[in-house]
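A.B. asks: give me the fold of what follows.
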Amino acid sequence: MLKDTISAGDLLRDWRQRRRLSQLALATDADISQRHLSFVESGRSLPSRDMILRLAEQLDVPLRERNAILIAAGFAPIYRDRPLNSPELAGALSIIQRILDGHDPHPALAVDRHWTLLAANRAVGMLLAGVAGHLVAGPVNVLRVSLHPDGLARRVVNFREWRSHIFKRLAHEIAVSADPLLATLLDELKSYPVPFAARPPASRSSTAHADIAVPLILTSEAGPLSFLSTTTVFGTATEVTLSEVAIEAFFPANVETAKAMADLAAASPPVSAL
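C.D. replies: Numbers count the residues shown, from 1 in each chain. Reported below is the predicted structural model:
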């Protein structure tokens, strides 16, 4: 007989298999017997709240999904999930904005788990010249803006390398989070055409920084702008929303880009990014 609902054991087994761990490996890491874990996954034993949290910690299950497992087991969720603009998170939002503004004159932005723009500094706005209005109206998806033919695609000098980098990163995030909306986003991005003038992929030996990172190289009135990116997350977040925020900061990959961004900032009034 088919089960009408997914149990906590089903979810824990799915996450274990997603992490490519055997029952023995997970049981050893969680300091429980393999027999006990087998009973939990099969539904023969109902896990306690502490057991769920211990296994979820070992499996690095996202906080949002830990709540789902707790609910499936009949427990109340323990990780709060409030909008970033809620009064309780005003302090965290202020910290995020200070990090972004402190990175000026270089671009920095904050995104949620689906790559929706949450906040940005003014340097991001200076780089969006030529982006179609429909891509920046309402919720802005950063990856869509990056690869869409009406977005930055025509200005990305190393488009093929940058697109490949985004696809690999998004595929990794899908594997880690099991988020179906990210899978849908990846399919959408893959459907975008490659700009006609996009250059062939460069060899690793001929591309600056190729041995350490894929740069984002954009055309601009000031000449080519080359950036290396870093990602910052709240490593100790116990709030679902904060655990899903990522700060993407772009650093100049050469002195020419650093000078160009400083000159652009000096010539531009302090306005919001979007």
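A.B. asks: F227 belongs to a strand?
C.D. replies: Yes - according to DSSP: H, G, I helix; E, B strand; the rest coil, F227 belongs to a strand.
A.B. asks: ok, what's across the strand from the closest residue to it other than its chain neighbours?
C.D. replies: Spatial nearest neighbour of F227, excluding adjacent residues (CB to CB, 6 or more residues apart in numbering): F250 at 3.9 Å. In this view, the C-beta of every residue, glycine as well, is placed from N, C-alpha and C. For F250, the beta-bridge partners under DSSP bridges are S229.
A.B. asks: residues near F250, how many?
C.D. replies: F250 sits with 24 neighbouring residues when counted by other CB atoms under 10 Å.
A.B. asks: for V142, see how far away it is.
C.D. replies: 12 Å (CB to CB, to the nearest Å).
A.B. asks: tell me how many other residues surround S94.
C.D. replies: The burial count for S94: 10, using other CB under 10 Å.
A.B. asks: elements contacting the host helix or strand of it?
C.D. replies: In this assignment (DSSP states H and E), S94 forms part of helix 90-102. When contacts are defined as 3 or more CB pairs under 8 Å, 6 or more residues apart in numbering; DSSP states H and E, helix 90-102 sits against strand 108-111, strand 117-120, strand 246-252.
A.B. asks: redo that, cut-off 10 Å
C.D. replies: In terms of contacts (3 or more CB pairs under 10 Å, 6 or more residues apart in numbering; DSSP states H and E), helix 90-102 is packed against strand 108-111, strand 117-120, helix 122-126, helix 240-243, strand 246-252.
A.B. asks: so for S229, which of these sits nearest?
C.D. replies: strand 246-252 (5.1 Å; CB to CB).
A.B. asks: tell me the angle that closest one makes with helix 90-102.
C.D. replies: On the basis of axes from the mean of the first three to the mean of the last three CA atoms, to 10 degrees, strand 246-252 is oriented at 10 degrees to helix 90-102.
A.B. asks: mind exporting the C-alpha coordinates of strand 246-252 to PDB?
C.D. replies: C-alpha atoms of strand 246-252 as PDB (Å, rounded to 0.1, in the frame of the first residue of the first chain):
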ATOM      1  CA  ALA A 246      24.700  35.300   0.600                       C
ATOM      2  CA  ILE A 247      26.800  38.400   0.000                       C
ATOM      3  CA  GLU A 248      28.600  38.400  -3.400                       C
ATOM      4  CA  ALA A 249      31.500  40.900  -3.400                       C
ATOM      5  CA  PHE A 250      33.500  41.700  -6.500                       C
ATOM      6  CA  PHE A 251      37.100  42.700  -6.300                       C
ATOM      7  CA  PRO A 252      39.100  44.400  -9.100                       C
END
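A.B. asks: next structured bit after it?
C.D. replies: helix 255-267.
A.B. asks: could you list the domains of this protein?
C.D. replies: Here the domain parsing of the chain from automatic domain parsing is 8-72, 87-267.
A.B. asks: let's have these in JSON lines, adding distance to Y79.
C.D. replies: Listed next are the domains of the chain as JSON lines, based on distance: least, CB to CB, whole Å:
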{"stretch": "domain 8-72", "distance to Y79": "4"}
{"stretch": "domain 87-267", "distance to Y79": "5"}
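A.B. asks: which of these sits closest to D81?
C.D. replies: For the domains of the chain, the distance to D81 is smallest for domain 87-267, at 3.9 Å, taking CB to CB.
A.B. asks: list the residues that contact R80.
C.D. replies: For R80, the contacting residues are L63, N67, S86, E88, L89, T238, E239, V240, T241, L242, by CB atoms under 10 Å, 6 or more residues apart in numbering.
A.B. asks: hang on, A175 in a helix?
C.D. replies: Yes - assessed by three-state DSSP, A175 belongs to a helix.
A.B. asks: doesn't R18 make contact with it?
C.D. replies: Yes - A175 is within contact range of R18, at 7.1 Å (criterion: CB atoms under 10 Å).
A.B. asks: returning to that earlier point: and the helix holding S94, what's its mean pLDDT?
C.D. replies: For helix 90-102, mean pLDDT is 94.
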